[in-house]
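In: for reference, the sequence and a predicted model appear below.
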Amino acid sequence: MFPNIEIQTTADGSSTLYRPDMDEHYHSTNGAVTEALHVYIQTGLYALPIQPVSVLEIGFGTGLNAILTYMAAERSCLPVNYTTCELYPLPLETIEQLNYNLPDTATKVLKALHQCPWNEPYAVSPHFTFTKLHNDLTLLPLTGKFDVIYFDAFAPDKQPEMWTEEIFKHIYEKTNPGGVLVTYCAKGVIRRRLQSVGFTTERLPGPPGKREMLRTRKPFRDGDTVMR
């Protein structure tokens, strides 16, 4: 059974969810949409000048990162293959109560992302193909390779099993050379774990209310390329 959740309004007017059982929010209370755009779209999706882009999201949640990526793909005519995983899907009635100030078309697409079949590709538009996997990364054998990883699990002190060196090694092996991982979390222990599996890391300015975030990159080796 899904735990009780509360819908709350963040500083930029957009919604987030709060889980009392974990004492944890799904997004920053300083602005849900603002945080997602800063961390995942501007710093992640736009970090690589390649087409198409293969995105892996850890934590589908409300679908906010996915719908913002869809909108960016449509604006830029950028082909995106988007894969996300989620162990505890949210009820559609909860999603329908969230306010992200989306255009009508995007609101319909967000609903479709939550209603489409699990574990198979769904062609949303000529620029955006979406696959959601009903599982979490601790149990999920990923297939394929990815250019951009949105690491958006709950905080390390709330969901420690998602922030282990083993998980990061699994992701590193599935990341294309030159690919990036972005996350809102800038804790030193997390940065060191990412470095230990081979990623190079950089601290970047965080979204409102957060001083820093992390972006990592898988180094190139001789003969590697991400141009396709």
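Out: Received it, and whenever you're ready, just let me know what you need. Numbers count the residues shown, from 1 in each chain.
In: quick one: secondary structure of the closest residue to residue 165 other than its chain neighbours?
Out: Spatially, and ignoring its direct neighbours in sequence, residue 165 is nearest to residue 193 (4.8 Å; CB to CB, 6 or more residues apart in numbering). (Each C-beta comes from the backbone N, C-alpha and C, glycine too.) Recorded secondary structure, residue 193: helix (DSSP: H, G, I helix; E, B strand; the rest coil).
In: which residues touch residue 193?
Out: 163, 164, 165, 168 (CB atoms under 8 Å, 6 or more residues apart in numbering).
In: next: residue 220.
Out: Applying CB under 8 Å, 6+ apart, the residues near residue 220 are 177, 178.
In: distance check, it against residue 192.
Out: Between residue 220 and residue 192 the distance, using CB to CB, to the nearest Å, works out to 22 Å.
In: residue 38 too?
Out: For residue 38, the distance to residue 192 - CB to CB - is 24 Å.
In: looking at the two, which is more packed in?
Out: Taking neighbours as other CB atoms under 10 Å, residue 38 and residue 192 compare with residue 38 leading, 22 against 11.
In: quick check, the more buried one in contact with residue 207.
Out: Yes. With contact defined as CB atoms under 8 Å, residue 38 counts as touching residue 207 (4.1 Å).
In: shared neighbours, those two?
Out: With contacts taken as CB under 8 Å, 6+ apart, the residues that reach both residue 38 and residue 207 are residue 213.
In: so where's the protein shaky on pLDDT?
Out: Residues of the chain that meet the criterion pLDDT under 70 lie in 1-3, 137-140, 222-228.
In: show me where it has helices.
Out: Taking DSSP state H to define them, one finds helices in the chain at 32-36, 64-76, 92-95, 104-115, 165-173, 188-196.
In: tell me the most buried of these?
Out: Counting by mean count of other CB atoms under 10 Å, helix 32-36 has the highest mean neighbour count of the helices of the chain, with a mean of 25.
In: so in the protein, which strand runs the longest?
Out: Longest strand in the chain by number of residues (criterion: DSSP state E): strand 175-183.
In: strand partners (parallel or antiparallel) of that one?
Out: Next to strand 175-183 in the sheet, as set by DSSP bridges, lie strand 146-151 (parallel), strand 212-217 (antiparallel).
In: with only the CA atoms kept, save the first one in CSV.
Out: Meaning strand 146-151. Taking Å, rounded to 0.1, in the frame of the first residue of the first chain, the C-alpha atoms of strand 146-151 are listed here in CSV:
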residue,chain,number,x,y,z
PHE,A,146,22.9,6.3,-21.3
ASP,A,147,24.2,9.8,-21.9
VAL,A,148,22.6,11.6,-19.0
ILE,A,149,21.5,10.3,-15.7
TYR,A,150,19.1,12.2,-13.4
PHE,A,151,19.9,10.8,-10.0
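In: next, the angle from that strand to helix 165-173.
Out: Angle of strand 146-151 versus helix 165-173, following axes from the mean of the first three to the mean of the last three CA atoms, to 10 degrees, is 150 degrees.
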